[in-house]
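1. Kindly generate the corresponding structure for this input.
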Amino acid sequence: MGGGYCHEVPDAQPVDLVVAGAEVVVTMDRASTDRAGEVPGGWVAVHNGLVVGVGPAGTEPAAVRTIRADNCVVTPGLVNAHHHIYQNLTRSFAPAVRAGLFDWLRALYPYWARIDEEAVYLSTFVGLAELALGGCTTTTDHLYVHPAGAGDLLGAEIAAAREIGVRFHPTRGSMSVSEKDGGLPPDSVCQDEDTILAACEAAVSAHHDRSVGAMVRIALAPCSPFSVSRRLMSETAELAARLDVRLHTHLAEGPDEESYCQEIYGCRPVELFEDVGWLSDRSWIAHCVHPNAAEIERLGQARVGVAHCPSSNLLLGVGLAPVAELLAAGAPVGLGCDGSASTDSASLWLEARTAMLLARHRSGAAATGAREALQLATLGGAACLGRQGELGVLRPGAVGDLVCWRVDGPRFAGALSDPVEALLRCGPVAAYHTVVAGKAVVENGEIVHGALEDRLQRHRAASARIQRTGPA
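-> Here you go, the predicted structure:
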């Protein structure tokens, strides 16, 4: 195999897949702000689920299968660092569309208390299909609602992910402080600390894959400062260290959370986060909209990851995360779609574009462009999930996850000088091909799995059941 990015395939056997003929391959293996890591006319080769070569036209290896990427920008698969997939069962829910964060949650908790294995399986299948159509190849999920008698919700999620073929980092979420204890959620969606900790350890034992190229990994994720106890936060951090898995939670999302922490704990959310042992590079947090300057420095020094969720923050009206300041302080920053009942969509292309626009709004037109936004959506997300060098990059040894984005037709007419910049400036855009571990999940703009229509019909029935008025 020729070309400066290439890696020899053992025994010169045909590779499993070559994606060839791209307008440009964006490897993310060089500086994001210039074109050093971009291969015009390039190709990507995948074998045994991993990238084994990237190179210029005319140097492609023999392959069992070739996917054409003509008129496409090829990027690494996008990484979604924060989501609540089950919420697509209550998307754009009428009683909550004009509510702020706490009122929005109070309106929806009673409906979420009705989820079960079937609903979670269907919401995950449909949600992962939506994510794949938006260029996402790896996603986490924060499933923190575990009603009594609902069944094995985490197992249902993982089954759907294996079926559709998206790389999955679900978290065993939890809530332990209900309204009667001074928290926000009702009793119906909370569990006691011992039950939660035992379930967390069981989930890691059953599902966590530590191997290179793993398709499923587990993290532990108490929900938020206003729904879990100090004890649960502290003991979850200790458990994660013992099991060597990552930690995830919401933090500094809005003024309601800050007021709650001051009233209940006598400190700010980031102070609580540090006090319970979470201020480390094992942790990544969602939102981080309201840290002060000193807190930004502490988060950066500890290398705490941040999932920036621009659409959700805008729709809930909680403010704008200080992304540039967090990056300057050393905190890895990725992108998150956030819940499908707050964002009401799940497109990482849209989140990347919105992040780019917000950065320019905050800091001026020269502050950022498409390449910096793509860095958040790829390398930043990989860092949040603790898989730097493996996810979010196209180079030998990285996972064989990539997206082909069409940059032709009326939406791109005249965009000739820089197809990478055009990718986020023009549009809207959906993935043309989405490949995970060398296998197409989306091809020619359509989900490959043949059962999507059936799952959508069943999802509609589950959603109607959960949204009905009256007692559960």
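2. Check the gap between Val189 and Cys267 for me.
-> 26 Å (CB to CB, to the nearest Å). C-beta: built from backbone N, CA, C; applies to glycine.
3. Between these two, point out the one with more neighbours.
-> Comparing Val189 with Cys267 by other CB atoms under 10 Å, the one with more neighbours is Val189, at 21 against 14.
4. name the element Val318 belongs to?
-> Taking DSSP states H and E as the definition, one finds Val318 inside no helix or strand.
5. let me redo that: Leu122
-> Short version, using DSSP H and E: Leu122 is in helix 117-133.
6. helices or strands next to that helix in the packing?
-> Where contact means 3 or more CB pairs under 8 Å, 6 or more residues apart in numbering; DSSP states H and E, helix 117-133 is packed against strand 136-143, helix 153-164, strand 433-436, strand 439-443, strand 446-447, helix 452-467.
7. For the third one, could you pull out the residues that count as buried?
-> In this case it means strand 433-436. 433-436 (16 or more other CB atoms under 10 Å).
8. Nearest to Leu424 among the residues you listed?
-> Leu424 has its nearest neighbour among the buried residues of strand 433-436 in Thr434, at 17.1 Å by CB to CB.
9. Contact partners for the residue nearest to Ala422 when sequence neighbours are not counted?
-> Closest residue to Ala422 apart from its sequence neighbours, by CB to CB, 6 or more residues apart in numbering: Ala415 at 3.7 Å. The neighbours of Ala415, taking CB atoms under 8 Å, 6 or more residues apart in numbering as the test, are 407, 422, 425-426.
10. Those residues into a markdown table, with extra columns for distance to Arg106, pLDDT and secondary structure?
-> Formatted as a markdown table, those follow (distance: CB to CB, whole Å; pLDDT from 0 to 100; DSSP: H, G, I helix; E, B strand; the rest coil):
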| residue | distance to Arg106 | pLDDT | secondary structure |
| --- | --- | --- | --- |
| Val407 | 44 | 98 | coil |
| Ala422 | 43 | 98 | helix |
| Arg425 | 39 | 97 | helix |
| Cys426 | 40 | 97 | coil |
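11. quick one: Thr249 is in a strand?
-> Yes: assessed with DSSP: H, G, I helix; E, B strand; the rest coil, Thr249 lies in a strand.
12. Confirm for me that it is in contact with Ile285.
-> Yes: using CB atoms under 8 Å, Thr249 makes contact with Ile285 at a distance of 6.0 Å.
13. So those two - more neighbours on which side?
-> Under the neighbour definition other CB under 10 Å, Thr249 and Ile285 were set side by side, and Thr249 has more, 29 against 26.
14. And the more buried one, what's its pLDDT?
-> pLDDT recorded at Thr249 is 98.
15. Farthest-apart pair in the contacts of Ala415, please.
-> Val407 and Arg425 (10.7 Å).
16. higher neighbour count, these two?
-> The neighbour comparison of Val407 against Arg425 (other CB under 10 Å) goes to Val407, with 22 against 15.
17. Nearest spatial neighbour of the more buried one, chain-adjacent residues omitted?
-> Excluding its sequence neighbours, the residue lying closest to Val407 (CB to CB, 6+ apart) is Pro419, at 4.9 Å.
18. Surely Thr66 forms part of a strand?
-> Yes: with three-state DSSP as the criterion, Thr66 is assigned to a strand.
19. residues contacting Ala382?
-> 79, 138, 334, 388-393.
20. again but with Ala156, I slipped
-> 117-118, 120-121, 124.
21. One more pass at 7 Å, please.
-> 117, 120-121, 124 (CB atoms under 7 Å, 6 or more residues apart in numbering).
22. Can you verify my assumption that Leu101 contacts Gly317?
-> No: if you go by CB atoms under 7 Å, Leu101 and Gly317 don't touch, sitting 8.3 Å apart.
23. Who has more neighbours out of these two?
-> Relative neighbour count places Leu101 above the other of Leu101 and Gly317, with 23 against 12, counting by other CB under 10 Å.
24. Looking at the buried residues of strand 433-436, spot the one nearest Pro170.
-> Nearest to Pro170 among those: Val436, at 15.8 Å, using CB to CB.
25. Am I right that the closest one is in contact with Asp401?
-> Yes: if you go by CB under 7 Å, Val436 and Asp401 touch, sitting 5.2 Å apart.
26. Could you tell me which residues touch both of those two?
-> 77, 137, 167.
27. Go through those residues and name the one nearest Ala148.
-> The closest of these, once distances to Ala148 are taken by CB to CB, is Arg167, at 31.1 Å.
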